[in-house]
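1. 3D, please:
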Amino acid sequence: MKTAVLFIGNLLLCYSLAAQMYKDPSLSVEKRVADLMGRMTLDEKIAQLGMRDAELYKTDPNGFGVCECPKIGVGDVLKSSYETKKYARENTRLGIPPIMSAECLHGLLAYGATIFPQALAQGSAWNPDLIEQMAQMIAEESSAAGVDQALSPLFDLAREPRYGRMEECYSEDACLTGEMGAVFVRGMQGDPAETRYRLSDNKVICTAKHFVGYSSPIAGINVAPAAIGLRELRSLHLPPFEKAVKDANVYSVMPSYNEIDGIPAHASNFLLNHVLRDEWGFQGYVFADYSAVWRLFALHKVAETVADAGKKAIMAGVDLEASRAYAYTHLKSLVEQNRLDMKYIDQACKRILTVKFKAGLFDKPYPDIS
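-> Next up is the predicted model:
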C-alpha cells in the first residue's frame with residue numbers, strides 16, 4: 001500500500017512540474033524562461049518592464065519587475081523585501097517575484113549597514129584586491145537585508161570638475177576606472193565563470209552606470225548634453241563599460257540621462273544594441289535611469305508624446321522603465337494599435353526574467369527576518 005501511495009505521489013509531483021516547468025529548478029534557465037513566457041498575458045509581460053515602490057506591492061495583480069528599496073533601516077528593508085516577495089510568489093497568478101534594488105555605491109544605503117569610503121577614495125587606493133573584498137562584504141550585507149540588485153558601480157570618468165557627482169567616480173583614467181569597477185562587480189556578483197549561469201548565495205546583481213559620457217556634460221551642468229566624438233567615445237568612455245561586460249559579466253546596465261551628439265542615450269540604438277549587445281555580447285538587461293524614458297518627451301523633445309517616448313526607448317533596447325512606469329504604461333495600446341511589434345515586449349521581458357532566474361529569485365527561500 002505504501003509503495004502504491006509513493007508511486008502515485010511521485011507521478012503527481014512529476015505531472016505538477018511538467019505542468020509548470022518554470023518552477024522546476026533542475027531545468028535550464030532557457031527552458032524555464034520559455035515555459036513562463038508561454039503562459040504570460042500581454043499585461044503580465046508589460047508589468048515585468050516596470051518598477052514600483054515597496055509599499056505598493058499589493059496594488060498590481062500582475063506583479064512587477066523591480067521593487068525599489070525603501071531608504072530606511074536594514075531591518076525594515078529586510079521586512080519589506082520579505083513581504084513583497086511572499087505576496088508576489090503566493091498571491092499573483094504566476095508567482096513571479098520582483099527584484100529588490102538598492103543603492104550600494106559604497107555600502108548598502110540603509111541605516112545600520114556598513115558604510116565604506118566613497119568611490120573617489122576607493123580609486124585613490126589603487127588596490128583592486130581591497131575593493132573586491134569590500135564589494136564582497138557589501139554584497140553579503142545587502143543580500144542578508146533582502147536586496148537583490150545594486151544600482152552600482154559607476155564607470156563614469158571624473159574629467160569635468162564642475163560635474164556634481166565627482167565623488168561617485170573612481171578616477172579620471174579609463175584604465176583605473178575599468179579595473180576598479182570590474183573588481184567591484186566581481187566582488188558583488190561572484191566569479192564570471194559561475195555568473196554566466198547563476199548567482200551564488202550572498203551575491204547581488206550589479207548595475208553598470210551611467211552608459212555613457214554622463215560625467216562630461218557641456219559647461220559641467222548635470223544632465224546636459226555631452227559633446228563627445230566617436231574617437232573619444234571609443235578610446236576613453238566606452239572601455240570601462242566594456243570591461244564590466246566582458247571581464248566581469250555585469251547583469252545590468254543603466255543608460256545615462258544625457259545626449260551624445262544630439263541622441264539621448266535612452267533612445268540610442270547605436271549604444272544599447274549595436275555596441276552593448278552586438279559588439280560586446282551583453283546578456284543582461286537594460287535598466288532605465290529614473291524618469292529618463294519620460295524625459296525623451298519632456299526634456300530632450302525627441303518624442304511627440306509620452307507613448308512615443310516609450311516606443312523609442314523599448315525599440316532602442318531599454319528593457320525596464322524606472323523608477324515608475326510612465327511611458328511604458330502605453331505599450332499595450334501601442335501593440336493593440338499595431339504601432340509597436342510585440343517582439344520588443346517579449347525581448348525585454350525575456351531578458352528580465354532570465355536575470356531573475358539566474359539570481360535564484362524563484363527558488364531560494366524568503367529573506368530570513370528572524
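
2. can you count the residues close to the residue nearest to N249 when sequence neighbours are not counted?
-> Nearest non-adjacent residue to N249, counting by C-beta to C-beta, 6 or more residues apart in numbering: P192, 4.0 Å away. No exception for glycine: its C-beta is placed from N, CA and C like everyone else's. Neighbours of P192 under the rule other C-beta atoms under 10 Å: 15.

3. ok, now which ones touch P192?
-> Counting by C-beta atoms under 8 Å, 6 or more residues apart in numbering, P192 touches 186, 247-249.

4. Secondary structure added to those residues, as TSV?
-> Shown next, in TSV, are those (DSSP: H, G, I helix; E, B strand; the rest coil):
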residue	secondary structure
R186	helix
D247	coil
A248	coil
N249	coil
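
5. Including distance to A322, could the residues you listed go into CSV?
-> Formatted as CSV, those follow (distance: C-beta to C-beta, whole Å):
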residue, distance to A322
R186, 25
D247, 26
A248, 22
N249, 22
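
6. May I have the predicted confidence score for the residue nearest to N249?
-> Looking at P192, its pLDDT stands at 98.

7. Can you give me the distance of it to E30?
-> Shown here: P192 relative to E30, a distance of 19 Å by C-beta to C-beta, to the nearest Å.

8. Would you map the helices across the stretch 201-350 of the chain?
-> Ranges of helices in the stretch 201-350 of the chain, per DSSP state H, counting those that start in this stretch, are 230-232, 238-246, 269, 292-298, 306-316, 331-336, 342-358.

9. quick one: which of these is nearest L154?
-> When those are compared by C-beta to C-beta, helix 238-246 sits nearest L154, at 9.3 Å.

10. For the chain, which segments count as strands?
-> 51-53, 66-68, 99-102, 149-150, 205-211, 252-255, 259-260, 263-264, 285-286 (DSSP state E).

11. which residues does K209 contact?
-> Each residue near K209 by C-beta under 8 Å, 6+ apart is listed here: 151-156, 253-256, 289.

12. Repeat the analysis, applying 10 Å as the threshold.
-> Going by C-beta atoms under 10 Å, 6 or more residues apart in numbering, K209 touches 105, 151-156, 168, 181, 241, 244, 250, 252-256, 287, 289.

13. From G38, how far off is Q20?
-> 11 Å.

14. who's more crowded, those two?
-> Under the neighbour definition other C-beta under 10 Å, Q20 and G38 were set side by side, and Q20 has more, 15 against 9.

15. So M180 sits against D129, correct?
-> No - applying C-beta atoms under 10 Å, one finds M180 not in contact with D129, separated by 11.1 Å.

16. more crowded one of these two?
-> Comparing M180 with D129 by other C-beta under 10 Å, the one with more neighbours is M180, at 30 against 10.

17. Okay, helices next: where are they in the stretch 1-150 of the chain?
-> Going by DSSP H, counting those that start in this stretch, the stretch 1-150 of the chain shows helices at 2-19, 29-39, 42-47, 74-91, 119-124, 128-144.

18. and the closest residue to R162 other than its chain neighbours, what does it touch?
-> Among residues not flanking R162 along the chain, G220 sits closest, at 2.5 Å (C-beta to C-beta, 6+ apart). Residues in contact with G220 (C-beta under 10 Å, 6+ apart) are 160-164, 166.

19. do the same with R162
-> Neighbour list for R162: 217, 219-222 [criterion: C-beta under 10 Å, 6+ apart].

20. what's the closest of those residues to F362?
-> F362 lies nearest to N222 out of the contacts of R162, by C-beta to C-beta, at 38.4 Å.

21. Now that closest one: closest residue in space that isn't a chain neighbour?
-> The shortest distance from N222 to any non-neighbouring residue, by C-beta to C-beta, 6+ apart, is to G164 (5.1 Å).

22. and the one you found, how far is that from V223?
-> As judged by C-beta to C-beta, G164 and V223 stand 10 Å apart.

23. which residues are in contact with both of these two?
-> Shared contacts of G164 and V223, defined by C-beta under 10 Å, 6+ apart, comprise P217.

24. Look at those two and report which has more neighbours.
-> Neighbours per residue (other C-beta under 10 Å) separate G164 from V223, with V223 holding more: 16 against 13.

25. ok, and the closest non-adjacent residue to that one?
-> Y257 (4.5 Å).

26. Can you verify my assumption that that neighbour contacts N222?
-> Yes - assessed by C-beta under 10 Å, Y257 is found in contact with N222 at 8.0 Å.

27. in the chain, which ranges drop under the pLDDT threshold?
-> Low-confidence segments of the chain (pLDDT under 70): 1-18.
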